[in-house]
Structure formats: structure tokens, C-alpha cells
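Novice: show me the folded form of this:
(chains A and B, ligands or ions: 2)
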Amino acid sequence: MNTAIEVRQVHKHFGALHALNNIDLEISTGEFFALLGPNGAGKTTLINIIAGLTLASSGSVRVMGHDVIAEYREARRMLGVVPQELVFDPFFTVRETLVFQSGYFGIKKNNRWIDEIIHHLDLSDKADTNMRSLSGGMKRRVLVAQALVHKPPVIILDEPTAGVDVELRQSLWRFIKQLNHNGHTIVLTTHYLEEAEALCNRVAMLKNGSIIVLDNVRNLISNIAGYRIRLQLSPDTIPVALQPLTISHDQGYYVLAIEEYFQLENVMAVLRSTQTQVLELQILQPDLEEVFVKIMHGAENLEFVSV
Amino acid sequence: MNGFLTLLYKELLRFWKVGFQTLFAPILSTLLYLLIFSHVLEEQARVSPSVTYTVFLIPGLVMMAMLQNAFANSSSSLIQSTVSGNHIFMLLSPLSYQEIFTAYVLASVVRGLIVGLGIYVVAVVFFEPPLYSLAWIIAFALMGTALLGALGIIAGIWAEKFEHLAALQNFAILPLTFLSGVFYTISSLPSFWRGLSYLNPFFYMVDGFRYGFFHSSDVSPYLSLGILMVCFLAVSWWTLRMLKAGYKIRK
Ligand SMILES: Nc1ncnc2c1ncn2[C@@H]1O[C@H](COP(=O)(O)OP(=O)(O)OP(=O)(O)O)[C@@H](O)[C@H]1O
Ligand SMILES: [Mg+2]
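Specialist: Ligands and ions are numbered 1, 2, ... in the order given. Okay, the predicted model is just below:
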């Protein structure tokens, strides 16, 4: 497999702020990759450096093997970026915007592809509307369309679903999944972790400018999240021995955290020995959000710091 | 169309779509200057036996309007897009910094020339100024607008707010054009002020441009053109360096 994006020892300083700290990252062609992290972690800064919109303080970046500074023309042809900010040129209509963007890439007759993108992003009604008169969510769709006009093999989406309604969110992801299926490499950031979990193979989590976790989504969930069990007991009291595992007690349900399945046996043994009856038992599936919260809170004492 | 032509076309369309503001308004206001000055000063002043003050004024005012509009075009286009953030679409494309530079300068030149031509056509109808050499006229028109177009790029990138740009226009571009001999021949100035005028590049633009009409000038048009070329090369080199380094726009 080839490397779509290669980030080597990238640092970025904004004055005294160390916004990116020694980022090393390799994303293969065909991957569906998520860049996660709290506000201000450095996701957009990293994306801007990959796109050549921001210059790194040190380090190097390649897109499909082309250095983003030395071979910027080739690198930019390979890359489509959906920016986080809702920017637009108020002088033009949706179609004009897309035609100009194609033109910048030297593509002459692009109308068929432009029509297709307009259709997929549900912009057909608005194609001849001035950008100024679009709603926020529609402007976001145009940004997605603009990133795709030159059919880039690598597509980066910086919070593409912020402010976008449910219906479009689904059709957008269908479209992006289709692109990924056709071989495009996709990198996205989002604060909706269930989106990342459903779509992505691998994630990197950033905090304060460092990558603190870089792994396969499945591995992360099974290695880090642990499990939750939900119990309804009679009588409605938890034995003292189980109190350390208890996370919550709400409307007659206790939620306990366990690391591995075998601990379930211990829990049952304690309940039996205290003659507590189990009225109901559920094992809750762990998700990426739990992993995220756990990692972001425990980042300081994480022993498996990045790969 | 290739990327460069697309950007050029877009920059032309940008001022063309709002032509009332960007073309018609400056033409009209310059013609008003001409009308008022000629009315007030026609009787008192005669630059030479054959040249009335109004006729003398025409090339200077045409040049002044061309320079101001060339500067305004690239600088306002750039600051509008950097302030609104939509310049990133250009930066994300494979356009080279030389292509970006050339497209912005050319768009400035075209707007300057349209404004200049508009004023000139009306002036010809009413005041019949002489015309000595079209070649010199065109050479200085191109040189002046290109130089100001390039300066506009620097200003548009440097300025972070519209006020910065307005300040530059009011405290640098406007006085330099006013003091370049648009309204007088510098041979009529006291020697200190004349010496100072020689340091003003705008003086050479106006003086050389006027030579194309009257076949007379304060300094040789060859010298003026040479000085302007050196200025243009220096400013272009600086602008290209800024663009290449991503000064302010790729921070
Ligand atoms: N141009 C800039 N000048 C100074 N500081 C900046 C600049 N751009 C970003 N920063 C700082 O760098 C840090 C990382 O910002 P960045 O925008 O990359 O975060 P992010 O992970 O994208 O956050 P969010 O989820 O809110 O989009 C922040 O502390 C931010 O304030
Ligand atoms: Mg961001």
C-alpha cells in the first residue's frame, strides 16, 4: 500500500504557543482516517500544514509522495480540503464558484462532474443562487463540492458536518463512503464521535499539540474502554465489595465498570454471597466516546503513548 | 482555460461586475476635477503659448486616476479576500506565486487603462489635447499601472484591516500623486521642492506620460522610463518574495 499522507517531525509555534509538538503520522491510500481531539488541540493547524495553508516551523509533509513545499503544484493537485471556517466569495453563484475552482486547477470542461457533485450534495435547487444568499449548512455543502472539483485522491474534511442537518449528514457520509470505496483516501475531524466510530478505520487523538493515541478503532475500543454492566437488584443496595466498581445508581439501576469479561463472574459471586437477587442484567457496549473521554482525562499517565 | 487565465478572468470580472463603483465613479470624479480647475484657472495660467492650463492638466489627471485605480484594484481585491478568508481557495490550488502576481498586476493594469481611456475620450471631445506619440503614452500608462498594481499587492497583503489600506491610500498614494506635478510643471517650483520631486517615482510617470502628448518634459522620457523600470523590477522582486514566503497569508 502506498502512503497518501506522510507527516514527519512537524512542529508549529505561534509565538510562545507550541501548537504542534513533533507530529509523526502516516496515512495509507484508501484509509478512512479520523483526527480527533478537543477544541484547540491542533487539528486544524495540522490540516492547514498538510494543505500548505500554514507553514510548519519545522518538519516535512508529503501528499502522495510530493513534498507540500518543494513540489506544491503536484501535492495540491492530489489534495482536496474542506475548511472548518465557512468561507465563500460573495461575488459568485454556486456554479460559478465551482467552475472557477476547476479553472484554478486547469480543468477546462468539468461540467459533468460539477453537475454530479451538485446533485450528490443536494445543491441542484441552489446552483444559480449567489453564495451570499445560502444558509450556513448549504455554504458548508458548497465547501465540500469545491474540495472535490478536481477529483483529488486525498480528501481532508475539517468538521464537515458542523451545522449540517441530519438528512444531509447521512447523504454526505454516503457520498464520502462511496468516494472512499472508489479508492479515495479520506481524513476527517469531527466532534461527533459516533460518526468517526461508524466510518473510520483508524484514529489519531490529539491533545495540546501532541498525538497521544494512534490506533485502529476496534483495538482502541476493546483495549481501552472496558465494559459496563447495568443491574437491577433486589434489595436495591449494592454490596460493599462492589462499591469501588460502581459508576452510578439511578432509578433502581446500578452501572458497574469492569475491565474484562471474567470479572463478571466475581461480580455474580459477590451478589450470590450477599443474597442479592439480580432482576435484570445488561452488558453495555463500549464506544469511541468512552475511549475518548478516558484518554483525554488520563492522558498524563497513559502507558501506551503513541506508536 | 488554465489556472492563470481563470484567476485573471475572475479578477477582471470582480471589478467589472461593480463597474459603476470601480470604473464610472473615478471617471466622473476626475472629469469634475478637470471641469472645476479649468474653469477657475484657465484665465490666469498658460503653461506655454500653445498649451492652456486645462489641456496641460489632462494627461496628469488621466495618469493620476489610472495609478489610483490600479492600486485600489489589487489592494482591495486582496484585502477583501484575506479578511473574508476566501483567499484560501486560490492558495489551495496549484497556482504558482508568479501566476498569482501576474494575474493581479494585469487586472490592475486593465482597470487603470479603462479608467484612463474613459477620461481621455471625454477630454478629447471637449478640449482637444494634442497627441505627439502614442507609443510613449502607452509605455508610461502600462509602466505606471503595473507598478501601482504590484504595490497594491504588497499593501493588500500587509494590511490587516480596511483602515490600514485607507491610511496608506490617504497618506502615501494620494500625496505622492498630488505632488508629482499633476497640477504644475516642476520647473515652476523653488529648487528645494524641485529636488524633492525628483525623488518621487510618481513624478516620472506623469512627466513621461505628458511627454507623449506635448513632446516636451522636465526630464528625458528615456530616463523616466528607465527609472520606472528599475522601480517596477524592485517592487516585483519584493512582492514575489513576499508571496513565495507566504508572508502573512500562509502563517
Ligand atoms: N493563526 C494563529 N495564530 C495564533 N494561534 C493560533 C493560530 N491558529 C491557531 N492557533 C492556536 O493553535 C491552537 C490549535 O488550534 P487549532 O485551530 O489547530 O485547534 P483545533 O484542534 O482545530 O480546534 P477546534 O476543534 O476548535 O477546531 C489553539 O490554541 C489556537 O488558539
Ligand atoms: Mg479546528
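
Novice: chain A contacts on chain B?
Specialist: Contacts of chain B with chain A, taken as CB under 8 Å from any CB of the partner chain, map to B:1-3, B:5-7, B:9-10, B:13-14, B:17, B:81, B:84-86, B:88-96, B:246, B:250-251. The C-beta positions use only the backbone N, C-alpha and C, and glycine is treated the same way.

Novice: need the helices for chain B, in chain order.
Specialist: B:3-17, B:19, B:25-41, B:53-84, B:88-91, B:97-127, B:134-158, B:162-168, B:174-177, B:191-197, B:201-214, B:221-245 (DSSP state H).

Novice: any idea how far B:I119 is from B:I79?
Specialist: Relative to B:I79, B:I119 is positioned 26 Å away (CB to CB, to the nearest Å).

Novice: neighbour-wise, which of those two wins?
Specialist: Taking neighbours as other CB atoms under 10 Å in any protein chain shown, B:I119 and B:I79 compare with B:I119 leading, 25 against 22.

Novice: hey, which helix is longest across chain A?
Specialist: helix A:166-181.

Novice: identify each buried residue in the helix or strand just after that helix, please.
Specialist: For helix A:166-181, the succeeding helix or strand toward the C-terminus, using DSSP states H and E, is strand A:185-189. Residues of strand A:185-189 classed as buried: A:T185, A:I186, A:V187, A:L188, A:T189 (neighbour count, 16 or more other CB atoms under 10 Å in any protein chain shown).

Novice: ditto for stretch A:95-114
Specialist: Going by 16+ other CB under 10 Å, stretch A:95-114 has these buried residues: A:95-107, A:110, A:113-114.

Novice: widest-spaced pair of these?
Specialist: The span of the buried residues of stretch A:95-114, defined through CB to CB, is set by A:R95 and A:G106 at 18.6 Å.

Novice: tell me the residue of the stretch 151-251 of chain B that sits nearest ligand 2?
Specialist: B:K251 (15.5 Å; CB to the ion).

Novice: so which residue is dead centre in chain B?
Specialist: Per CA atoms, centre = their mean, the C-alpha nearest to the average position across chain B is that of B:L67, at 1.3 Å.

Novice: so who does the closest residue to that residue other than its chain neighbours touch?
Specialist: The shortest distance from B:L67 to any non-neighbouring residue, by CB to CB, 6 or more residues apart in numbering or on different chains, is to B:L148 (4.8 Å). Taking CB atoms under 8 Å, 6 or more residues apart in numbering or on different chains, we find B:L148 in contact with B:M66, B:L67, B:Q68, B:A70, B:F71, B:S108, B:G112, B:I173.

Novice: format those residues as CSV; extra columns: pLDDT and distance to A:L25.
Specialist: Listed next are those as CSV, based on pLDDT from 0 to 100; distance: CB to CB, whole Å:
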residue, pLDDT, distance to A:L25
B:M66, 97, 51
B:L67, 96, 50
B:Q68, 95, 49
B:A70, 97, 45
B:F71, 96, 44
B:S108, 98, 42
B:G112, 98, 48
B:I173, 90, 47
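
Novice: show the buried residues in the residues of chain B next to chain A.
Specialist: B:1, B:3, B:6-7, B:9-10, B:14, B:81, B:86, B:88-95, B:246, B:250.

Novice: let's see which of the buried residues of stretch A:95-114 end up in strands.
Specialist: Among the buried residues of stretch A:95-114, no residue falls in strands (DSSP state E).

Novice: show me the shaky parts of chain B.
Specialist: Residues of chain B meeting the criterion pLDDT under 70: B:1, B:42-46.

Novice: what residues does it put near ligand 1?
Specialist: By CB under 6 Å from any ligand atom, the residues of chain B that approach ligand 1 are B:K251.

Novice: for chain A, what is the nearest residue in chain B?
Specialist: Ranked by CB to the nearest CB, the top residue of chain B for proximity to chain A is B:T6, at 2.9 Å.

Novice: please report how far that residue lies from A:R95.
Specialist: Per CB to CB, B:T6 is found 14 Å from A:R95.

Novice: near ligand 1 at all, the lowest-mean-pLDDT helix or strand in chain A?
Specialist: Ranking every helix and strand in chain A by mean pLDDT, DSSP states H and E puts helix A:288-298 at the bottom, with a mean of 81. No: Helix A:288-298 lies out of reach of ligand 1 by CB under 6 Å from any ligand atom, never closer than 12.4 Å.

Novice: what's that helix packed up against?
Specialist: helix A:193-199, strand A:202-207, helix A:217-220 (3 or more CB pairs under 8 Å, 6 or more residues apart in numbering or on different chains; DSSP states H and E).

Novice: among these, which is nearest ligand 2?
Specialist: strand A:202-207 (10.1 Å).

Novice: what angle do the closest one and strand A:185-189 make?
Specialist: 30 degrees (axes from the mean of the first three to the mean of the last three CA atoms, to 10 degrees).

Novice: would JSON lines of the helices of chain B with distance to A:H297 be doable?
Specialist: Compiled in JSON lines, the helices of chain B are given as follows (distance: least, CB to CB, whole Å):
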{"stretch": "helix B:3-17", "distance to A:H297": "48"}
{"stretch": "helix B:19", "distance to A:H297": "59"}
{"stretch": "helix B:25-41", "distance to A:H297": "61"}
{"stretch": "helix B:53-84", "distance to A:H297": "38"}
{"stretch": "helix B:88-91", "distance to A:H297": "35"}
{"stretch": "helix B:97-127", "distance to A:H297": "45"}
{"stretch": "helix B:134-158", "distance to A:H297": "43"}
{"stretch": "helix B:162-168", "distance to A:H297": "44"}
{"stretch": "helix B:174-177", "distance to A:H297": "59"}
{"stretch": "helix B:191-197", "distance to A:H297": "68"}
{"stretch": "helix B:201-214", "distance to A:H297": "63"}
{"stretch": "helix B:221-245", "distance to A:H297": "41"}
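
Novice: what about those helices, which gets the closest to A:L36?
Specialist: helix B:88-91 (23.1 Å).

Novice: can you list contacts of the closest one?
Specialist: Contacts of helix B:88-91 (CB under 8 Å, 6+ apart): A:52-53, A:83, A:87, A:89, A:100-101, A:104, A:146, B:7, B:81, B:100, B:249-250.

Novice: nearest to A:I221, of the residues you listed?
Specialist: A:P83 (30.0 Å).

Novice: related to what we said a few turns ago, buried ones in the least confident helix or strand of chain A?
Specialist: Result for helix A:288-298 [16+ other CB under 10 Å]: buried residues A:L288, A:E290, A:V291, A:F292, A:K294, A:I295, A:M296.

Novice: about what we covered before: can you list contacts of the longest helix of chain A?
Specialist: Residues contacting helix A:166-181 (CB under 8 Å, 6+ apart): A:30, A:32, A:120-122, A:137, A:141, A:144, A:148, A:155, A:157, A:160-161, A:164, A:186, A:188, A:195, A:199.

Novice: can you select the buried ones from those in PyMOL?
Specialist: Buried residues among those (16+ other CB under 10 Å), as a PyMOL selection:
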select buried, chain A and resi 30+32+120+121+141+144+148+155+157+160+161+164+186+188+195+199
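
Novice: among the contacts of helix A:166-181, which are located in helices?
Specialist: Counting by DSSP H, the contacts of helix A:166-181 contribute A:H120, A:G137, A:R141, A:V144, A:L148, A:E195, A:L199 to helices.

Novice: so which of these comes closest to ligand 1?
Specialist: A:E195 (14.2 Å; CB to the nearest ligand atom).

Novice: next one: the residue nearest to that closest one when sequence neighbours are not counted from B:S216, what distance?
Specialist: Nearest residue to A:E195 in three dimensions, chain neighbours excluded: A:T161, at 6.7 Å (CB to CB, 6+ apart). A:T161 is 70 Å from B:S216, where distance means CB to CB.

Novice: also A:K109?
Specialist: With CB to CB as the criterion, A:K109 and B:S216 are 55 Å apart.

Novice: go on, B:P201?
Specialist: Taking CB to CB, one finds B:P201 at 21 Å from B:S216.

Novice: more neighbours: which of these two?
Specialist: B:P201 (20 against 13).

Novice: tell me, how many residues neighbour the nearest residue to the more buried one once chain neighbours are set aside?
Specialist: In this structure, B:P201 finds its nearest non-sequential neighbour in B:C231, 5.1 Å apart by CB to CB, 6+ apart. By other CB under 10 Å, 17 other residues sit near B:C231.

Novice: kind regards, and thank you for your time.
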